[in-house]
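Enquirer: Need the 3D shape of this:
(2 chains)
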Number of protein chains: 2
Amino acid sequence: MAEKTNLQREDFSKWYIQTIQKADLMDYSPVRGCMIFKPDGYEIWEHIQEEFNRRFKEEGIRNAYFPMLIPESFFTKEADHIEGFAPELPWVTEAAGEKLEERLALRPTSETMIGTAFSNWINSYRDLPYEINQWANVFRWEKKTLPFLRTSEFLWQEGHTAHADEEDARRRTMKMLEVYKEVVEGVLAVPVYEGQKTPSERFAGAVDTYSIEAMMKDGKAVQAGTSHYMGTKFAEAFDIKYLTKENEHVYAHTTSWGVSTRLIGSLIMTHGDEKGLVLPPKVAPTQVVLIPVGPWKKNPAILEKLEELQKELKAAGLRVKIDDTDNSPGFKFNEWELRGVPMRIECGPRDLENNQVMTKMRDLDEKVAVGFDVLVDTILSELDKMQVRMLETARAMRASNEYTNIDTLDELKAHIEAKREAGEVPGWVLVGWDGTEESEAKIKEETGFTTRNIPFNAPVKKEKCIVTGKPAVHTVWIARAY
Amino acid sequence: MAEKTNLQREDFSKWYIQTIQKADLMDYSPVRGCMIFKPDGYEIWEHIQEEFNRRFKEEGIRNAYFPMLIPESFFTKEADHIEGFAPELPWVTEAAGEKLEERLALRPTSETMIGTAFSNWINSYRDLPYEINQWANVFRWEKKTLPFLRTSEFLWQEGHTAHADEEDARRRTMKMLEVYKEVVEGVLAVPVYEGQKTPSERFAGAVDTYSIEAMMKDGKAVQAGTSHYMGTKFAEAFDIKYLTKENEHVYAHTTSWGVSTRLIGSLIMTHGDEKGLVLPPKVAPTQVVLIPVGPWKKNPAILEKLEELQKELKAAGLRVKIDDTDNSPGFKFNEWELRGVPMRIECGPRDLENNQVMTKMRDLDEKVAVGFDVLVDTILSELDKMQVRMLETARAMRASNEYTNIDTLDELKAHIEAKREAGEVPGWVLVGWDGTEESEAKIKEETGFTTRNIPFNAPVKKEKCIVTGKPAVHTVWIARAY
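Expert: Below is the predicted model of the structure:
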């Protein structure tokens, strides 16, 4: 990050890995594909959890916890589900010195376990909707891993609901997608496109999968959250039936939806710059850092003043640190910028004389003097403004990497090649698609781009399929993806 | 619970299992020894987590998350540790269709994983103390299981700290024991004895293990929390060294400490009665239930009044429900008593006329009329009083089952037999112990009692060993234990 060259532009992956390690968010572990969430990394996750838990509660969804180990026979009950997950499962085969009669999978997701429970718990229409959420560790034995974005063990929430009919289940599916968008944009300041996944990108066993998709600074896409309508497929596989008012036994309609610790990776890749992290105030472990400058040790009033300020800010609900170490101010500025702390406040002898401090927002260049008389209010409002500004900045970054005027595969290949030569990112391309798996596969094969989603609100409607030239059935975002 | 006989006294285990299932706290799962935490059961855990997280933060301890899978070679580094845990470990031996080169254990505890990380992270005295906590699922393949108290997978927190010297590490060990006592007594209203475990009951690999021990209503003991001083044993095994101010490389001193979801089982077995759960207000998922009575449907003002009250109580930070189902008042009263809701409020036409409600605390028999003008304040203060009263009641229960005047094994056997014949619980016995493993083993062999801990503040000091009659080295609580 301290390099004079722009590592972020030249080698985004290297920049990412260096930044998250230097900023002390994570460490590698000796277990293949598994990472350690260090305190600053984990605290971001805790703030994300708080934001979701509050909204889940408002939706009447309660948390629960289900066993992590799933008997092999559970998976085989829903054919598409086992087909999708089997290649990635780790298995427990021995315990307490004995070989197990049946292998137990480390959960990749809990539809099968929770479906079995729902089958026991749901009897009558009075029990519906039955709506729960679980915060848990899950496992998918990935070949290629990347911290936060793709690891063999990761943390997530998985919501599971059962409903009397399709309408209510679809309402829940769409509502959770909205909640995801609200948090990812409003809290993480990461703009997303809501839309539907194509059949080939659906969750294993779902009738319909919806996603929010975010663009990283290298133009690649991250699927930031998904919400699935299962129809009665899992209800049939796990016998989730209920008695209607009319005394009939019918299958429930189920949904599931999840976001994971990959959100942490997404916000870093959306906001980070060559100096390090830029954290949205709402999730930053430290929101404000107070740094005494000049000959502050000879002037104890400076530190006293900062300690008083820290107390006031904490009382206002902020997370604040004072850096009174022996390091130089320059070292400290770099360190806290690397860590992405949203706001820095400096106070030296002359500031104190003038009854003011110097403030610096992580995402702006200039320093601003602020008087002590309005300081707490100014800090609060500047953090609010930064939260909003970060989303706007990310929207502008995204807009500059969106392409909607590419109509053929040849044009797409030329576009990718031209961007590569210019050292720029190919970004996302909005294309027409004839709805066939063949066309989708051909895009991937020839360009490495995959369908992200069919956005609900596409900027333009594309008339012809980019592959076949036939009338487009859908307008779809395509991009390279994490 | 509705039986006329007192199931709790006659068959405590059956009472416990029935109560936690009927009160909807848990369900069994199809996976051997693993349970499902249903929403009310899990929410108790969430409140316990909040209480601990706040205190950990005040102590400067931060949360982190480490991989769940631990390579076999890690365990073998500390001989006592592997010896203690090996018999209970489940192993992952295959993943993604391939046999693993090295077996991976599902963590029973994370000293080995976190010790490896500490070895990388700790370099200088400036890095010390290094203090973190992890909330996680852990696995111990138990032969005999009991929901909440002993399951193959359970949830817990495990704190791990590294210090420059023994003094600081011991200070942390003892401080966390205090924090545990404060929460278990102050929040769960479960009185405990703090003390030191005997060498045979130490954590595998610890130099000293301290515990808080609680008495259940059946007189059996639950180890409710433990805190361990590891000396430099783990530091030596995992190479956790630091550079002192004097430029010497020396081993750090480490600690670990944990409480688990067995706290939920403990509070149920401490407070529950023949009607069901009795939950301490601080952790109850529903603290107050509002029930309209009499011909309330003809009188809409009743429900309106209760809805208004609910709003006020929520604004005051309480968790409140209205039961406006069609069930009879008697059914509702039983249901909410079974679920252990601390306070019930009834309002019927005559109450409304008199501008009052009837209130009933879960742990008291009488109903009390309270005027609307003082209602919110009264509810808040009655819940506070109940919280304190529950601890007093539990202390009284405990006191009535403590025996300090038993001096020989024959007296102990006679005591146990007499209690059995009277249909009473044998409780805990405070005995002198000569400090030998032989004497400890003999107590267990002949009576089934095990040493709980050597209390810091024993009610009396015992002079002679209950087994050998030799001078006692320690005064120790013994009891049957979960």
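Enquirer: which helix is the longest one in chain A?
Expert: Taking residue count as the measure and DSSP state H as the definition, the longest helix of chain A comes out as helix A:375-399.
Enquirer: Please spell out which residues along that helix are buried.
Expert: Of the residues in helix A:375-399, those buried under the neighbour-count criterion (16 or more other CB atoms under 10 Å in any protein chain shown) are A:375-376, A:378-380, A:382-383, A:386-387, A:390-391, A:393-394, A:397-398. In short, each C-beta sits where N, CA and C put it, glycine included.
Enquirer: What count of nearby residues applies to A:Glu422?
Expert: One correction, residue A:422 is Ala, not Glu. 8 (other CB atoms under 10 Å in any protein chain shown).
Enquirer: ditto for A:Lys298
Expert: 8.
Enquirer: again with A:Ala301
Expert: In terms of burial, A:Ala301 registers 11 neighbours under the definition other CB under 10 Å.
Enquirer: got the contact list for it?
Expert: The contact partners of A:Ala301, taken as CB atoms under 8 Å, 6 or more residues apart in numbering or on different chains, are A:Leu352.
Enquirer: Assign the residue nearest to A:Lys464 when sequence neighbours are not counted to helix, strand or coil.
Expert: Counting by CB to CB, 6 or more residues apart in numbering or on different chains, A:Gly432 is the residue found nearest to A:Lys464 once chain neighbours are left out, at 4.9 Å. Using DSSP: H, G, I helix; E, B strand; the rest coil, the secondary structure recorded for A:Gly432 is strand.
Enquirer: what pairs with A:Gly432 across the strands?
Expert: A:Cys465, A:Thr475 (DSSP bridges).
Enquirer: That one: what's it in contact with?
Expert: The contact partners of A:Gly432, by CB under 8 Å, 6+ apart, come to A:Asp407, A:Lys462, A:Glu463, A:Lys464, A:Cys465, A:Ile466, A:Ala472, A:His474, A:Thr475, A:Val476.
Enquirer: Please tell me how far it sits from A:Lys470.
Expert: Shown here: A:Gly432 relative to A:Lys470, a distance of 9 Å by CB to CB, to the nearest Å.
Enquirer: what sits in contact with each of these two?
Expert: Any residue near both A:Gly432 and A:Lys470 by CB under 8 Å, 6+ apart counts here, and that gives A:Lys464.
Enquirer: doesn't A:His474 make contact with A:Val431?
Expert: No. With contact defined as CB atoms under 8 Å, A:Val431 and A:His474 do not form a contacting pair (9.3 Å).
Enquirer: Looking at those two, which one has more neighbours?
Expert: Higher neighbour count among A:Val431 and A:His474: A:Val431, with 28 against 20, using other CB under 10 Å.
Enquirer: mind listing what that one touches?
Expert: By CB under 8 Å, 6+ apart, the contact set of A:Val431 is A:Ile406, A:Asp407, A:Leu412, A:Ile443, A:Lys462, A:Cys465, A:Ile466, A:Ala472, A:Thr475, A:Val476, A:Ile478.
Enquirer: List phi and psi for the fifth one.
Expert: Yep, that's A:Lys462 we're talking about. Note on A:Lys462: its backbone torsions stand at phi -90, psi 140 [degrees, to the nearest 10].
Enquirer: What is the burial count for it?
Expert: 19.
Enquirer: can you check A:Ala189 too?
Expert: Residues within reach of A:Ala189, counting by other CB under 10 Å, total 27.
Enquirer: repeat for A:His249
Expert: If you count neighbours by other CB under 10 Å, A:His249 ends up with 9.
Enquirer: Who does the residue nearest to it when sequence neighbours are not counted form a beta bridge with?
Expert: Sequence neighbours aside, A:Lys241 is the residue nearest to A:His249 in space, at 4.9 Å (criterion: CB to CB, 6+ apart). Applying DSSP bridges to A:Lys241 yields these beta-bridge partners: A:Tyr251.
Enquirer: quick one: what helix or strand has A:Ile44 in it?
Expert: Using DSSP states H and E, A:Ile44 sits within helix A:39-58.
Enquirer: Please parse chain A into its domains.
Expert: A:7-271, A:288-387, A:402-479 (the TED database).
Enquirer: how about the ones you listed in JSON lines, adding mean pLDDT?
Expert: Converted to JSON lines, the domains of chain A look like this (pLDDT from 0 to 100):
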{"stretch": "domain A:7-271", "mean pLDDT": "96"}
{"stretch": "domain A:288-387", "mean pLDDT": "97"}
{"stretch": "domain A:402-479", "mean pLDDT": "97"}
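Enquirer: measure A:Leu104 to B:Tyr130 for me?
Expert: Taking CB to CB, one finds A:Leu104 at 35 Å from B:Tyr130.
Enquirer: Could you check which of the two has the larger neighbour count?
Expert: Remark: of A:Leu104 and B:Tyr130, A:Leu104 carries more neighbours, 25 against 19, as counted by other CB under 10 Å.
Enquirer: Kindly indicate whether that one is helix, strand or coil.
Expert: For A:Leu104, the assignment made with three-state DSSP gives strand.
Enquirer: That one contacts A:Glu94, correct?
Expert: No. Taking contacts as CB under 8 Å, A:Leu104 lies outside contact range of A:Glu94: 10.2 Å.
Enquirer: so what's in contact with these two at the same time?
Expert: Going by CB under 8 Å, 6+ apart, residues that sit against A:Leu104 and also against A:Glu94 are B:Pro90.
Enquirer: which residues does A:Trp45 contact?
Expert: A:Phe37, A:Leu155, A:Thr261, A:Ile264, B:Tyr65.
Enquirer: Run a quick neighbour tally on A:Glu83.
Expert: Neighbour count of A:Glu83, defined by other CB under 10 Å: 13.
Enquirer: contacting residues around the residue nearest to it when sequence neighbours are not counted?
Expert: Distance criterion CB to CB, 6+ apart; nearest residue to A:Glu83, sequence neighbours excluded, is A:Ala204 at 6.5 Å. With contacts defined as CB under 8 Å, 6+ apart, the neighbours of A:Ala204 are A:Asp80, A:His81, A:Ile82, A:Glu83, A:Gly84, A:Phe85.
Enquirer: Run the chain-centre distance for stretch A:41-54.
Expert: Centroid separation for stretch A:41-54 versus its chain: 11 Å, with CA atoms, centre = their mean, to the nearest Å.
Enquirer: The host helix or strand of A:Ala369 pairs with which strands?
Expert: Of the helices and strands defined by DSSP H and E, A:Ala369 is found in strand A:367-371. In the sheet, strand A:367-371 lines up against strand A:356-361 (antiparallel) (DSSP bridges).
Enquirer: Give me the residues contacting the strand it pairs with.
Expert: Contacts made with strand A:356-361 from outside it, assessed by CB under 8 Å, 6+ apart, are listed as A:309, A:342-347, A:351, A:366-372, A:375, A:378-379, A:382, A:386.
Enquirer: Just list the residues touching the residue lying closest to A:Leu89 once chain neighbours are set aside, thanks.
Expert: The shortest distance from A:Leu89 to any residue other than its chain neighbours is 4.6 Å, reached at A:Ala105 (CB to CB, 6+ apart). Taking CB under 8 Å, 6+ apart, we find A:Ala105 in contact with A:Leu69, A:Ile70, A:Pro71, A:Glu72, A:Phe75, A:Leu89, A:Pro90, A:Trp91, A:Val92.
Enquirer: Let me know the outermost residue of chain A.
Expert: Centroid-distance maximum for chain A: A:Lys298 at 46.3 Å, with CA atoms, centre = their mean.
Enquirer: Would you mind measuring from that one to A:Glu353?
Expert: Taken as CB to CB, the span from A:Lys298 to A:Glu353 is 14 Å.
Enquirer: What count of nearby residues applies to the closest residue to A:Ala206 other than its chain neighbours?
Expert: Using CB to CB, 6+ apart and skipping the chain neighbours, the partner closest in space to A:Ala206 is A:His228 (4.0 Å). Other residues lying near A:His228 total 28 when counted by other CB under 10 Å.
Enquirer: if I've got this straight, A:His228 is in a strand?
Expert: Yes. With three-state DSSP as the criterion, A:His228 is located in a strand.
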